[in-house]
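Trainee: below are the sequence and a predicted model for it; my questions follow.
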Amino acid sequence: MVVKNHAVAEQVVDATNFIAYSRASKEALRSANLLKSLDINALITGEEGVGKATLAKYILNAPMIDGGENIDTILSLIVEHKKIIILNFDRIMHTDILHQTLQKNKTKIVATSSKDIFHKISDKFFSLSINLPPLRKREEDIYPLAKKFLKEAKRDFGLDNIDINIKKDRLDISRNCYSLRVSIYKLIIEELTKEEDIMQMLQDILYKRLGSNNDYRNNLYIYEIPLIKAGFLKFKSQLKMAEKFGINRNTLRKKINEYQLQER
């Protein structure tokens with residue numbers, strides 16, 4: 001997937017940490033702004049990690065609770081507050097008593113769900129629904145989100161004065177913002193890790209593995225697979241890789257077949 005670099009400041013809207021570059025995100029933000037002024041309940045749906053909780057917090061400045069909590073705990077919060085956010089609304093079991101308490105207390109809720117909710121229940125609770133598509137359908141949001149996560153990570157690690165480049169081909173969006181954030185942390189660790197750190201980590205890993213009668217051969221793949229993969233990226237051809245590695249081309253091909261590796 002190609003990640004586009006949008007550097008024009010006017011194109012991005014950051015509303016309380018909710019990044020809106022893509023058309024879908026901007027539409028969701030417009031609905032959120034409308035909800036801020038309306039006394040109605042809303043449901044935000046989408047896969048895990050797409051930003052549902054962030055958008056909910058933008059709409060309501062209110063206490064937040066998970067739908068998987070004990071129903072009495074949820075009801076107590078409703079009685080104490082006129083506005084609340086319920087994450088993972090699909091986890092709530094006793095929807096009838098929840099609805100009765102909301103009606104009686106006139107409490108406004110904004111809820112999120114990563115799973116489908118029966119229309120009968122959804123229509124009963126919510127007047128408006130906002131769907132946040134996954135990041136794979138919101139390409140324009142990916143790089144700005146990566147920059148946001150990098151800024152947060154650098155602050156957490158005390159690295160504000162260190163330049164770290166975002167490698168777009170290394171941005172993982174398989175689990176949306178969850179995996180994207182992890183990929184940023186990996187880039188930081190990679191940037192700061194020295195050879196002796198790598199060797200120490202390998203030593204610790206290998207120490208736990210040692211004990212069989214064929215330890216050397218059984219653990220060679222830990223070194224050889226990343227070396228061959230890096231060779232594919234660097235040299236583009238097996239012939240040149242074998243030459244640079246200083247090994248026979250047939251030996252290299254045998255290793256590639258043994259590990260079932262493919263050229264990129």
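Mentor: Looks like it came in fine.
Trainee: pretty sure residue 40 contacts residue 127?
Mentor: Yes: in this structure, residue 40 is within contact of residue 127 by CB atoms under 8 Å, at 4.1 Å. All C-beta spots, glycine's among them, are computed from the backbone N, C-alpha and C.
Trainee: so where's the longest helix in this protein?
Mentor: helix 139-157 (DSSP state H).
Trainee: tell me the angle of the next helix-or-strand element following that one relative to helix 139-157?
Mentor: As assigned by DSSP states H and E, the chain's next helix or strand after helix 139-157 is helix 177-192. If you take axes from the mean of the first three to the mean of the last three CA atoms, to 10 degrees, helix 177-192 sits at 50 degrees to helix 139-157.
Trainee: any idea of the mean pLDDT for helix 177-192?
Mentor: The average pLDDT within helix 177-192 is 94.
Trainee: buried set for that helix?
Mentor: 177, 180, 181, 183, 184, 187, 188 (16 or more other CB atoms under 10 Å).
Trainee: just flag the most distant two among these.
Mentor: Farthest-apart pair in those is 177 and 188; separation 16.6 Å (CB to CB).
Trainee: quick one: the helices in this protein?
Mentor: Listed from the start of the chain, the chain has helices (DSSP H) covering 23-36, 52-59, 71-80, 95-105, 119-125, 139-157, 177-192, 195-209, 215-218, 221-235, 238-245, 249-258.
Trainee: would you mind listing the outside residues contacting the fourth one?
Mentor: Translated: helix 95-105. 41, 71, 74-75, 78-79, 82, 92, 107, 109, 121, 124-125 (CB atoms under 8 Å, 6 or more residues apart in numbering).
Trainee: so who does residue 41 touch?
Mentor: 102, 108, 109, 110, 111, 125, 126, 127, 128.
Trainee: how does it look with 6 Å?
Mentor: Residue 41 makes contacts with 109, 125, 126, 127, as judged by CB atoms under 6 Å, 6 or more residues apart in numbering.
Trainee: now go through these and say which are in strands.
Mentor: Among those, DSSP state E puts residue 109 in strands.
Trainee: most surrounded residue in the contacts of residue 41?
Mentor: residue 109 (23 neighbours; other CB atoms under 10 Å).
Trainee: what's the pLDDT at the spatially closest residue to that residue that is not a sequence neighbour?
Mentor: Using CB to CB, 6 or more residues apart in numbering and skipping the chain neighbours, the partner closest in space to residue 109 is residue 41 (5.0 Å). Per-residue confidence (pLDDT) for residue 41: 97.
Trainee: and for the one 5 residues further on?
Mentor: What the model reports as pLDDT for residue 46 is 97.
Trainee: and it, how far is that from residue 135?
Mentor: For residue 46, the distance to residue 135 (CB to CB, to the nearest Å) stands at 10 Å.
Trainee: which one of the contacts of residue 41 is nearest residue 24?
Mentor: residue 126 (19.4 Å).
Trainee: residue contacts, the residue nearest to the closest one when sequence neighbours are not counted?
Mentor: Nearest non-adjacent residue to residue 126, counting by CB to CB, 6+ apart: residue 43, 4.3 Å away. Contact analysis of residue 43 by CB under 6 Å, 6+ apart lists 111, 126, 129.
Trainee: who is the closest residue to the last one other than its chain neighbours paired with across the strands?
Mentor: When the adjacent residues along the chain are set aside, residue 129 lies closest to residue 43, with 4.8 Å between them (CB to CB, 6+ apart). The residues paired with residue 43 through beta bridges, assigned by DSSP bridges, are residue 111, residue 129.
Trainee: my guess is residue 84 contacts residue 63, does it?
Mentor: Yes: between residue 84 and residue 63 there is a contact under CB atoms under 6 Å: 5.4 Å.
Trainee: so these two - more neighbours on which side?
Mentor: Between residue 84 and residue 63, counted using other CB under 10 Å, residue 84 has the larger neighbour count: 21 against 13.
Trainee: would you mind measuring from that one to residue 28?
Mentor: 20 Å.
Trainee: now residue 107
Mentor: On the measure of CB to CB, residue 107 and residue 28 end up 23 Å apart.
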